[in-house]
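>>> Pasted the sequence and its predicted model underneath.
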Amino acid sequence: HRPLEKSHSLSLVTMVPLLELEKKLIDNLENYTNALEQKLEIIRSQLLVIRAENEKGRRNAISYLSNPLNGFSIIRRLHQDWINWRKYMEQPVGIWQLKAFYSWKDELPTERDLWDACEGIARIQSTYDLKVGDFINGNINGKQYNDSMSTADILSVGAYLFMKNRPSDAIQWLQEVPQRLQEELLIQPRHLPIKEVDALRLLAEAQIKDQNYSEALPLLHNCLKLQPHDARVLRLWKKTTDFIENQPDQSPTENKKRNVPIANAFKLSCNGPLESSTRLHCFYNFTTTPFLRLAPLKTEQIGLDPYVVLYHEVLSAREISMLIGKAAQNMKNTKIHKERAVPKKNRGRTAKGFWLKKESNELTKRITRRIMDMTGFDLADSEGFQVINYGIGGHYFLHMDYFDFASSNHTDTRSRYSIDLGDRIATVLFYLTDVEQGGATVFGDVGYYVSPQAGTAIFWYNLDTDGNGDPRTRHAACPVIVGSKWVMTEWIREKRQIFIRPCLPKAKGTSTKS
Ligand SMILES: O=C(O)CCC(=O)C(=O)O
Ligand SMILES: [Fe+2]
């Protein structure tokens, strides 16, 4: 049911040091320019002197050389000085800066980190149906930001999608590139050139892969204008014209999109709440525990069946900043590049988690008591808190929180101990931050949609009253668009609740559990 807990994309908080690293690199590059400048300065000033002497000699060579001071000097100059000049020219510039650069290379994000980020960007764009043209110009979901993507950024996302065999997605990004390259070239020369011909060819290849042969042709034509004898382009040209000749009436409107139902469900539910029932209301909960008579909980019903409620203002700003502070500290310490032995699958969650023991300190103990007030459950055997910070486009795909010990014959790797504690009867999910855009928790099958709001907590039962997993609790964390989403989960185990929430056969049910 559940993707691995650990995913390896970078959470926003682990990305903070990248900005510091970048500053070091920029300073280093600046030092490099200083070293270059110093060398230039030395050469330029010397040039004046040696050229003056040479010109003096060439004005009247014989007269110049007839003076032994000069005749001797030119022999010495060409024997000694010029060898020294050659040596000086050979001396590399910025050796120190180069060494420094190497020393930092392990701190740089890896290819894998970049791919995860590409995937995150692509996920935001596709989940929320954003126009690539708007998105790259900082117009995100109708809001204009003062930031944009560079041509290299855009190309990188396009190239990634192409590599992942998603040509029609790739095209949306890649087709932004050629025009921009031309415009940029007019403004300033590039240090790390993206070759226009490469961008055009990649776009053409994506069009071919997507079977838009007639779109590919003019692109290849332009490639050949830039690089007439490029063998790869010529091959693509041949392939494309062959296809067009053999299938003259290929219709461009032909539906090539594969339908991925579950992905569509995810997309649909992330795009805003459905009409919700008017029977839902807000109230003060005075009753779950005696303590609530003194401090009732502000409760908002999200849905009755399955039962999901939101408790407002259950964490203070101070508590939140302590939780985030503690988790952030620990997440930053987990070096980005360690833990690289990642299974290929399980990209279902793109966030970093940090486990906090319930007994860690006064704060966690207090929160534990509060959860008991919120749920009425005994938390003694329940799991620790997991504090999660989502990364770029961070999400958690549709899943159930329960393991389904009751109805499935579990043969996976879960420990005996975990099974003894019982399944995850309920989930409490605290929102530690607001999220500017995206990041909702959605129950796709029943249309519940909850936007994160710092200090609130959502609570639901994963198991129905006969102890079986309730598949309607299938939920997801929608991709974060803008913002740093922090949440903290508490999964409550079933065994201890035996007298608190005894198993009841369903009303008309066919429960087999006694
Ligand atoms: O972050 C969210 O909104 C949901 C997280 C979740 O479903 C989980 O951690 O199991
Ligand atoms: Fe979940």
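Cool, got the structure. Ligands and ions are numbered 1, 2, ... in the order given.
>>> rest of the way, CA atoms for contacts and neighbours
Fine.
>>> Confirm that L429 lies within a strand, as I assumed.
Yes: with DSSP: H, G, I helix; E, B strand; the rest coil as the criterion, L429 is assigned to a strand.
>>> domains of the chain?
Structurally, the chain divides into domains by automatic domain parsing as follows: 12-107, 130-246, 279-497.
>>> who wins for proximity to C118 among these?
Smallest distance to C118 across the domains of the chain (CA to CA): 5.2 Å, for domain 130-246.
>>> Which of the domains of the chain has the highest mean neighbour count?
Highest mean neighbour count of the domains of the chain: domain 279-497, a mean of 19 (counted as mean count of other CA atoms under 10 Å).
>>> Who are the packing partners of the longest helix along the chain?
Assignment by DSSP state H gives helix 12-59 as the longest helix of the chain. Judged by 3 or more CA pairs under 8 Å, 6 or more residues apart in numbering; DSSP states H and E, helix 12-59 is in contact with helix 61-66, helix 95-103, helix 317-333, strand 385-390.
>>> can you tell me which of these the model trusts least?
Lowest mean pLDDT within these: helix 317-333, a mean of 89.
>>> Format the helices and strands packed on helix 12-59 as JSON lines; extra columns: distance to ligand 1.
Converted to JSON lines, those look like this (distance: least, CA to the nearest ligand atom, whole Å):
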{"stretch": "helix 61-66", "distance to ligand 1": "85"}
{"stretch": "helix 95-103", "distance to ligand 1": "37"}
{"stretch": "helix 317-333", "distance to ligand 1": "15"}
{"stretch": "strand 385-390", "distance to ligand 1": "8"}
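>>> Show me the shaky parts of the stretch 1-150 of the chain.
Low-confidence segments of the stretch 1-150 of the chain (pLDDT under 70): 1-8.
>>> Next: the stretch 351-500 of the chain.
Across the stretch 351-500 of the chain, the ranges flagged by pLDDT under 70 are 351-352, 405-417.
>>> try 90 this time
Scanning the stretch 351-500 of the chain for pLDDT under 90 picks out 351-355, 358-360, 376, 378-384, 391, 402-424, 444-445, 447, 463-469, 493-500.
>>> Which positions in it make contact with ligand 1?
Contact residues, the stretch 351-500 of the chain versus ligand 1 (CA under 6 Å from any ligand atom): D401, A440, T441, A476, A477, V487.
>>> which ones are touching A216?
Taking CA atoms under 8 Å, 6 or more residues apart in numbering, we find A216 in contact with L203, A204, E205, Q207, I208, T240.
>>> Inside helices: which ones of these?
Of those, the ones assigned to helices by DSSP H are L203, A204, E205, Q207, I208, T240.
>>> I'd say the fourth one and P218 touch.
It refers to Q207. No: with contact defined as CA atoms under 8 Å, Q207 does not count as touching P218 (11.0 Å).
>>> where do the contact lists of these two overlap?
Listed contacts common to Q207 and P218 are nil; contacts here mean CA under 8 Å, 6+ apart.
>>> and the two most separated of the residues of the stretch 351-500 of the chain next to ligand 1?
Top of the distance list for those (CA to CA): D401 and A440, 16.6 Å.
>>> Point me to the residue sitting farthest from the middle of this protein.
For the chain, the largest distance from the centre (CA atoms, centre = their mean) belongs to S66, which lies 76.0 Å off.
>>> Next one: it from I74, what distance?
12 Å (CA to CA, to the nearest Å).
>>> Serialize the contacts of A216 to a markdown table and add fields for pLDDT and distance to ligand 1.
Formatted as a markdown table, the contacts of A216 follow (pLDDT from 0 to 100; distance: CA to the nearest ligand atom, whole Å):
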| residue | pLDDT | distance to ligand 1 |
| --- | --- | --- |
| L203 | 96 | 36 |
| A204 | 96 | 39 |
| E205 | 95 | 38 |
| Q207 | 96 | 37 |
| I208 | 94 | 39 |
| T240 | 92 | 46 |
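>>> Return the member of the residues you listed nearest to G142.
L203 (27.6 Å).
>>> show me what contacts the closest one?
Applying CA under 8 Å, 6+ apart, the residues contacting L203 are A170, I171, L174, Q175, A216, L219.
>>> Mind doing that once more with 6 Å?
L203 is in contact with L174, counting by CA atoms under 6 Å, 6 or more residues apart in numbering.
>>> what's the burial count for C270?
Other residues near C270 number 26, with proximity taken as other CA atoms under 10 Å.
>>> change the start of the numbering to 781 and stick with it
In the new numbering, first residue 781, that becomes C1050.
>>> Once you drop chain neighbours, what's closest to it?
Nearest residue to C1050, sequence neighbours excluded (CA to CA, 6 or more residues apart in numbering): C1258, at 5.6 Å.
>>> Quick check: that neighbour touching V1222?
No: counting by CA atoms under 6 Å, V1222 is not a contact partner of C1258; they are 7.2 Å apart.
>>> where do the strands sit along the stretch 931-1080 of the chain?
Assigned strands in the stretch 931-1080 of the chain, in chain order: 1062-1065, 1077-1084 (criterion: DSSP state E, counting those that start in this stretch).
>>> could I get the ones you listed as a markdown table with mean pLDDT and distance to ligand 1?
Listed next are the strands of the stretch 931-1080 of the chain as a markdown table, based on pLDDT from 0 to 100; distance: least, CA to the nearest ligand atom, whole Å:
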| stretch | mean pLDDT | distance to ligand 1 |
| --- | --- | --- |
| strand 1062-1065 | 91 | 21 |
| strand 1077-1084 | 93 | 14 |
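>>> what would those look like in CSV with distance to Y1241?
As requested, the strands of the stretch 931-1080 of the chain are exported to CSV (distance: least, CA to CA, whole Å):
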stretch, distance to Y1241
strand 1062-1065, 17
strand 1077-1084, 11
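>>> A strand includes F1177, no?
Yes: when three-state DSSP is applied, F1177 is found to be in a strand.
>>> any idea how far it is from D990?
Counting by CA to CA, the gap from F1177 to D990 is 27 Å.
>>> The stretch 881-1030 of the chain: helices as residue ranges?
Applying DSSP state H, counting those that start in this stretch to the stretch 881-1030 of the chain gives helices spanning 891-907, 912-916, 931-943, 947-954, 957-967, 976-989, 993-1006, 1011-1026.
>>> and those helices, which one's lowest on average pLDDT?
Of all the helices of the stretch 881-1030 of the chain, helix 957-967 carries the lowest average pLDDT, namely a mean of 84.
>>> Relative to ligand 1, which residue of the stretch 1081-1230 of the chain is the closest?
When distances are taken as CA to the nearest ligand atom, the stretch 1081-1230 of the chain reaches nearest to ligand 1 at T1221, 4.1 Å away.
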